[in-house]
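Chemist: I would like the atomic coordinates for the input below:
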Amino acid sequence: MKRTSRMAIWGVWGFVLEVFVPLGFVSLRAAQPDSPGAGWVTVAPEAYTGAINNPLKGFRAFKPGGFGLLQRTYIPWNAIEVCAEDTVDRIIAHTNRITQIGGRRFEELNVKLVPRVYLDWNGTPGSATAPKQHWPADLAVCDYDSPAFQQRLRGLIAKLGKAWDQDPRIFAVQMGLIGFWGEHHNPAPTAEQRRLLAEAFRRAFKHKPVLVRHHDAEFMAAGFGLYYDTFATLSREPPTKAVDQFPWQATHVYPEVWKAAPIEGEVEYNWQKQRPESEPEKTFGRTPEETMKVPAYPVLEGAAEMQQAFGYRFVIDEVRYPSTVPSNGDLEVRLTVRNTGSAPFYLDWPVAVGLLEPRTRKPVWSAALAGVDVRRWLPGEYWDSDTHAYRRPAKAHQATGSVALPNELPKGDYVLALAILDRQGGMVPSARFAIRNYFRGGWHPIGFIGVGQIPTEVTLGNVTFDDPAFDDTLSYEVPAPLLAVQPPPPPVVKALPRWLPNPQQELIDPWRYWNLESRSKTIEKRVSADGPVANAAGRRVLSVVGNFGPSASLKYTFFPERKLEPGRYRFACRVRGTAEMAVQFDVADGNRALAPGTTMPLASEWQEHVVEFEIKSPTKDDTTLRFVLPKDATGQFDLSDARLRRAD
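Modeler: Below you'll find the predicted structure:
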């Protein structure tokens, strides 16, 4: 099947996968080394051809016995910060609560978390039992534009860094925070917010990748990764010129982004079911099960093939090491490794060498090899969908690492083994190489080595290897003080009163954002506080600046009720902008104007406009107030002091 060109896609939305059964045990001989006398041993392990349930890659959502060691979790902002005075302990305590599956902790299961903090689920208030808005008590609901909100963004991100950057349970952090579902639309972050977010997240997270929803230039320059939806949609994938979508951008504009941080996302089966233009029969089917069966194999085999294509896959072509070392000497190990997967390994996890007791297979001593960096083992590049191969194949990476042996190490014969350790999780074995040489517990036996003596033999002989695909003995450690953190007492909150509409007084929430919609890449929404009239929003001015493109509009959607009742209304506002330009104001049912609009000429000075309109019958979709900007023009439009009330 075709593999994704360059995407370390972790998960597929809505997957329900069956239990995967390990392949059992195999008995193999290590490849013949050099002569067993004093000198160097060379071993070429046999590659493992099956899929491996490795951490930090593959399908999203844990499946007992199956592929999936990553969990993405949405976190409501007010669940981890009640108000500005709240402490980091609330974030840590919440993390302790959500990092459990079926009564077992993530570290027991070798599962990692990818959290996303959000404020607004879908633009609705929800209900008392299922709220959709999660604003802290001291922030106005839906107020993305105030200076107070920008200050709180900085404060919360700093707290997230303190809570998560050293937490071994966290793999990466999705930026979230802005817009529906934290996906940076309704509204999109302004340029000022993007700069703020990029700076704050880079400062807060030195050890974890940061992922964003859209490929804004500020985020790409910061080296952030992506969480994208939806992959494999025909209208959004090359070779179609959907230049505003990430697949095109990753191919033509940011072809190196995958080297710095992960790319993950979803496959939207709702799209496949509801839109004929998606051509489900020709692409990935209507359900996950159909995807896994294409073209002719069972679901589990298809899932295994996809797992092999996801993320990193390290094949050791050769290992060289001295056949004997003194107990207080230096041990040097030379590796030749190829990454036959589709992405790098993004965390600074060390490769360790261990000396195992031959009978018990347990490490007598182990240490990280200095000089080996798994993040440099890049895979092939430039995937060719016709040949199902990379046009630039994965190169063989040479790595040499060394470590000093302790004086107290007893003389004798040991099994030299390799492992990739979870650095923050207690330096325990975790990620596995794709070779047959494997012992349960995370160690890859290579050959015998003598400490203080020449070994009896160097070949592993008839040693029985375990299967590396699934190893339920692997886990990591979380510091006890972290697990002991409890939710702090609720801070004293000076809560803001929640704004409610009054048809006879005011229907426009002065704190609620106006959403800029445009296909132009050179247009920007700005917010300032130099309006002509002081009001509850503090003289707030919304400005749209730049090239408006073929279709740009500034839209207000009502909240908490998203529809206006039938009746007559009076709308008033003040506008200014580039002289000799004009904007069109109308009232819409979703995207359909309910009546011919009103033209508002722009000038350098503020102009007051009053418009009366009637809604004759209930609207089908959301009622919106809309300023349509002139097509393909460059200029500025300023809006302030918008008001609306019933006129009947």
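
Chemist: longest strand of this protein?
Modeler: Counting by DSSP state E, the longest strand found in the chain is strand 634-646.

Chemist: residues of that one that come out buried?
Modeler: Residues G635, Q636, F637, D638, L639, S640, D641, A642, R643, L644, R645 are the ones in strand 634-646 that count as buried (16 or more other C-beta atoms under 10 Å). Quick note: C-beta positions are derived from backbone N, CA and C, even for glycine.

Chemist: got it, and stretch 61-78?
Modeler: Buried residues in stretch 61-78, counted by 16+ other C-beta under 10 Å: 61-63, 66-72, 74-78.

Chemist: which residues does A399 bridge with?
Modeler: For A399, the beta-bridge partners are L335 (DSSP bridges).

Chemist: now do the same contact list for it.
Modeler: When contacts are counted by C-beta atoms under 8 Å, 6 or more residues apart in numbering, A399 touches R334, L335, T336, V337, V351, G371, V372, D373, R376, W377.

Chemist: same check, this time on S366
Modeler: S366 neighbours (C-beta under 8 Å, 6+ apart): A352, V353, G354, L355, A419.

Chemist: can you lay out the residues you listed as CSV showing secondary structure?
Modeler: Below are the contacts of S366 laid out as CSV (DSSP: H, G, I helix; E, B strand; the rest coil):
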residue, secondary structure
A352, strand
V353, strand
G354, strand
L355, strand
A419, strand
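
Chemist: closest to K112 out of the residues you listed?
Modeler: Among those, A419 lies closest to K112 (C-beta to C-beta), at 17.6 Å.

Chemist: the closest one and N437 touch, don't they?
Modeler: No: A419 lies out of contact with N437 (C-beta atoms under 8 Å); the separation is 11.5 Å.

Chemist: quick one: common contacting residues for these two?
Modeler: Jointly contacting A419 and N437 under the rule C-beta under 8 Å, 6+ apart are H444.

Chemist: if we can go back for a sec, quickly name whichever of the buried residues of strand 634-646 is closest to K563.
Modeler: Nearest to K563 among these is L644, at 13.5 Å by C-beta to C-beta.

Chemist: distance of the closest residue to that closest one other than its chain neighbours from S640?
Modeler: When the adjacent residues along the chain are set aside, L644 lies closest to L507, with 4.3 Å between them (C-beta to C-beta, 6 or more residues apart in numbering). Taking C-beta to C-beta, to the nearest Å as the measure, L507 and S640 are separated by 17 Å.

Chemist: for Y144, same thing?
Modeler: 17 Å.

Chemist: now swap in G179 and tell me
Modeler: When distance is defined by C-beta to C-beta, G179 is 23 Å away from S640.

Chemist: list the contacts for the closest residue to I157 other than its chain neighbours?
Modeler: Excluding its sequence neighbours, the residue lying closest to I157 (C-beta to C-beta, 6+ apart) is A200, at 4.1 Å. Contacts for A200 (C-beta under 8 Å, 6+ apart) come out as L153, R154, I157, A158.

Chemist: SS state for A200?
Modeler: Here A200 is recorded as helix under three-state DSSP.

Chemist: nearest to T95, of the buried residues of stretch 61-78?
Modeler: When the buried residues of stretch 61-78 are compared for distance to T95 (C-beta to C-beta), I75 wins out at 8.6 Å.

Chemist: mind listing the strands for the stretch 51-200 of the chain?
Modeler: Using DSSP state E, counting those that start in this stretch, the strands of the stretch 51-200 of the chain run over 70-76, 100-101, 104-105, 112-118, 173-174.

Chemist: wait, the stretch 201-350 of the chain
Modeler: Listed in chain order, the strands of the stretch 201-350 of the chain (DSSP E, counting those that start in this stretch) span 210-212, 225-228, 263-265, 314-322, 324-325, 330-339.

Chemist: can you lay out those as CSV showing mean pLDDT and mean neighbour count?
Modeler: As requested, the strands of the stretch 201-350 of the chain are exported to CSV (pLDDT from 0 to 100; neighbours: other C-beta atoms under 10 Å):
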stretch, mean pLDDT, mean neighbour count
strand 210-212, 98, 25
strand 225-228, 95, 24
strand 263-265, 93, 24
strand 314-322, 98, 20
strand 324-325, 96, 20
strand 330-339, 98, 20
